[in-house]
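Undergrad: Pasting the sequence and the predicted coordinates here, then a few questions.
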Amino acid sequence: METAFYDSSFFTYVLLPALIFFSRVMDVTIGTIRIVMVSKGHKIWAPILGFFEVLIWLVAITKIIQNLDNWICYIAYGLGFAAGNYVGLIIEEKMALGIVKLQIITRKEASKLIENLKAAGYGITHHNAKGSSENVSIIYSIIKRSEIKKVEDIVKTTNPKAFYSIEDIKFVSEGVFPLGKTRVVPWRKGK
């Protein structure tokens, strides 16, 4: 009786492809987050996630190999891979791990923007520079990735035509961060 269920059309063409699809969504999502952990230097989480990623992948690929004549499983495998990338990127974006370097280039006077960033608790470095056709001010700040939206709002409110870019950073040795949100230089305890 149990064998009849596994041989049924429902299992072969609906349930098995669905299981393969969800397995791929899970393993690719975990893989995407694992890659972020590797890039951020999380030496404990990356291998743990890698273990589960490969374990789930082995189960999915085993079912594909056992059902080579079922083309619906191939479609489910590919769709699961695509959906897993999407879900992984959404989760990674929500996690907002790490720190970034913000570079702001303003054409108009930057003192108000500098004042607003400092008032919000952000450390900044700035200097005047020569752009292609005019003088500009360049402002740098290292911020938590989760703070990007708040800083963008300050920039857009104070100087809506400012040009800015954001780069991922793996490590900083010291910094000025908004109080209550980030531990400032945790490795310097006792100094």
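TA: Yep, that arrived. Not measured: the values here are computed from a predicted model.
Undergrad: Might you report the residue contacts of the residue nearest the centre of the chain?
TA: With distances taken as Cα atoms, centre = their mean, the chain has residue 92 as the residue nearest its mean C-alpha position (3.5 Å). By Cβ atoms under 8 Å, 6 or more residues apart in numbering, the contact set of residue 92 is 32, 33, 36. Any C-beta I mention is one placed from the backbone N, CA and C, and that applies to glycine too.
Undergrad: Present these as CSV; the columns should include distance to residue 111.
TA: Formatted as CSV, the contacts of residue 92 follow (distance: Cβ to Cβ, whole Å):
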residue, distance to residue 111
32, 42
33, 41
36, 37
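Undergrad: re earlier: mind pulling up the pLDDT for the residue nearest to the centre of the chain?
TA: Per-residue confidence (pLDDT) for residue 92: 89.
Undergrad: host element of it?
TA: helix 71-95 (DSSP states H and E).
Undergrad: What is the subsequent helix or strand relative to that helix?
TA: Using DSSP H and E, the helix or strand that directly follows helix 71-95 along the chain is strand 99-106.
Undergrad: Tell me the buried residues in that following strand?
TA: For strand 99-106, the neighbour count (16 or more other Cβ atoms under 10 Å) marks 99, 100, 102, 104, 106 as buried.
Undergrad: So which elements touch it?
TA: strand 135-144, helix 148-158, strand 163-169 (3 or more Cβ pairs under 8 Å, 6 or more residues apart in numbering; DSSP states H and E).
Undergrad: What strands flank that strand, and is each parallel or antiparallel?
TA: strand 135-144 (antiparallel), strand 163-169 (antiparallel) (DSSP bridges).
Undergrad: still on that earlier bit, next, find the distance separating the residue nearest to the centre of the chain from residue 29.
TA: Distance, residue 92 to residue 29, using Cβ to Cβ, to the nearest Å: 9 Å.
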